[in-house]
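> okay, structure incoming, though there's no sequence with it:
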């Protein structure tokens, strides 16, 4: 009989912090570390906007947000109107990974490298939404908390600590209350079910910018391959009310059902159709109007956004690749151009400037892609409404 069989001690409990660091190229985490140090060295100036990060209605940390929330696509309506504060919270949580809801803000355009890494170099997501840098000053103890208690939603995100940060993070076991720490040293990427209580240990001063510790949270929509890893290996909180389709597996079953967001989003929006047939019908109508010389009026008659010569060159570069984008329709692209002019205006290393310009170009191209998606969806909605009116 083997020595393992003779050992009567029970195996150590499984950690609720699932370490995913091995999935990420170490050079990607190194580059993110340098970007964050640059951000923190600017965070006391107007270059970087910070906000309080709260938990249990108390200050947990400071935050650098890289996306602002746009609810215009929620519930397939032009403007989201919550039925209650609880409804707004539930919808916000459900849309955290939605790239249409979370759009790059001023911080993202000032420090474009963050979203470049998040959107292009992390292997976990089909798409990404909210992205936030969470900074704790020396002596901060944080606030122990759970993010939510929704029975029909499991958050899809990763928690990242880069190598220059000494933040010590833990998640508590839901039954025993035992602390399970993330790896103490070096860069770490992981996931945990944020139904579970979690916090940091007291932040110890270090030699890096501002002397504190930090982490990054990136919310998105997991690729099926990574979602299945979490379903198989994750440790989950307690589900109070079983949900239809979860197979009796609690929150593990809820995560297994999630495809492009929580199931309840599809159930609430199932009355709205934006299938390909409607899009094709609308496009055919537009083609017929063009043939007889008819023109549709543009309801959004905005003034053209003025941009500098370098920005125009970048736009021309994108147009040459087959993207024809009118500036007056894309305010986020205008913000990208403003950031581009800022990069070109001030002295600095040419390679660094080129890197920032490349990152900005990538972000602008993503905005163009999102614009095209929104236009198609809008066409489908208009076609559906016209049929209801005429029918």
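Okay, I see it. Quick caveat, the model's predicted, so the values are computed rather than measured.
> where does this protein have low pLDDT?
1-12, 43-46, 72-87, 208-209, 267-359, 388-391 (pLDDT under 70).
> so it: which segments form each domain?
What automatic domain parsing lists as the domains of the chain is 18-259, 276-281+303-390.
> show the end-to-end separation of the longest one, please.
Its start and end residues considered, domain 18-259 measures 21 Å (C-alpha to C-alpha, to the nearest Å).
> among the domains of the chain, which is the most enclosed?
domain 18-259 (a mean of 18; mean count of other C-beta atoms under 10 Å). Backbone N, C-alpha and C define where each C-beta goes, glycine included.
> turn the domains of the chain into CSV, including distance to residue 265.
Converted to CSV, the domains of the chain look like this (distance: least, C-beta to C-beta, whole Å):
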stretch, distance to residue 265
domain 18-259, 5
domain 276-281+303-390, 15
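> element containing residue 54, please.
strand 51-55 (DSSP states H and E).
> and that strand, what does it pack onto?
If you count contacts as 3 or more C-beta pairs under 8 Å, 6 or more residues apart in numbering; DSSP states H and E, strand 51-55 packs onto strand 58-65.
> so which residues of the stretch 151-300 of the chain form helices?
224-233, 251-257, 263-268, 276-291 (DSSP state H, counting those that start in this stretch).
> my guess is residue 179 contacts residue 172, does it?
Yes - under the criterion of C-beta atoms under 8 Å, residue 179 makes contact with residue 172 at 5.9 Å.
> pretty sure residue 239 sits against residue 151.
Yes - using C-beta under 8 Å, residue 239 and residue 151 qualify as a contacting pair, with a distance of 5.1 Å.
> what's the overlap in contacts for those two?
Residues touching both residue 239 and residue 151 (C-beta atoms under 8 Å, 6 or more residues apart in numbering): 251, 254.
> how about the contacts made by residue 257?
So residue 257 contacts 245, 246, 263 (C-beta under 8 Å, 6+ apart).
> identify the contacts common to residue 179 and residue 172.
Joint contacts of residue 179 and residue 172 (C-beta under 8 Å, 6+ apart) do not exist.
> could you give the angle of the strand holding residue 54 to strand 58-65?
In terms of direction (axes from the mean of the first three to the mean of the last three C-alpha atoms, to 10 degrees), strand 51-55 departs from strand 58-65 by 140 degrees.
> in its sheet, what does strand 51-55 sit against?
strand 58-65 (antiparallel) (DSSP bridges).
> following the strand it pairs with, which helix or strand shows up next?
Next element after strand 58-65 (DSSP H and E): strand 67-69.
> that following strand pairs with which strands, parallel or anti?
strand 102-104 (antiparallel).
> residues touching the partner strand, excluding its own?
66-70, 95-96, 115, 128-131, 219, 332, 335-336, 363, 367.
> show me what the lengthiest strand in the chain is packed against.
Counting by DSSP state E, the longest strand found in the chain is strand 125-136. With contacts taken as 3+ C-beta pairs under 8 Å, 6+ apart, strand 125-136 sits against helix 26-42, strand 58-65, strand 67-69, strand 102-104, helix 113-120, strand 213-222.
> between strand 58-65 and the fifth one, find me the angle.
Here the directions of helix 113-120 and strand 58-65 differ by 80 degrees (the same axes, to 10 degrees).
> same thing with the first one?
For helix 26-42 against strand 58-65, the angle between stretch directions is 110 degrees (the same axes, to 10 degrees).
> so residue 100 sits right up against residue 369, yeah?
No - using C-beta under 8 Å, residue 100 makes no contact with residue 369, being 11.0 Å away.
> in contact with the nearest residue to residue 20 once chain neighbours are set aside, which residues?
Distances taken as C-beta to C-beta, 6 or more residues apart in numbering put residue 189 closest to residue 20, at 4.9 Å, once the chain neighbours are dropped. Shown in contact with residue 189 (C-beta under 8 Å, 6+ apart): 19, 20, 21, 23, 24, 29, 158, 159, 160.
> okay then, goodbye and thanks.
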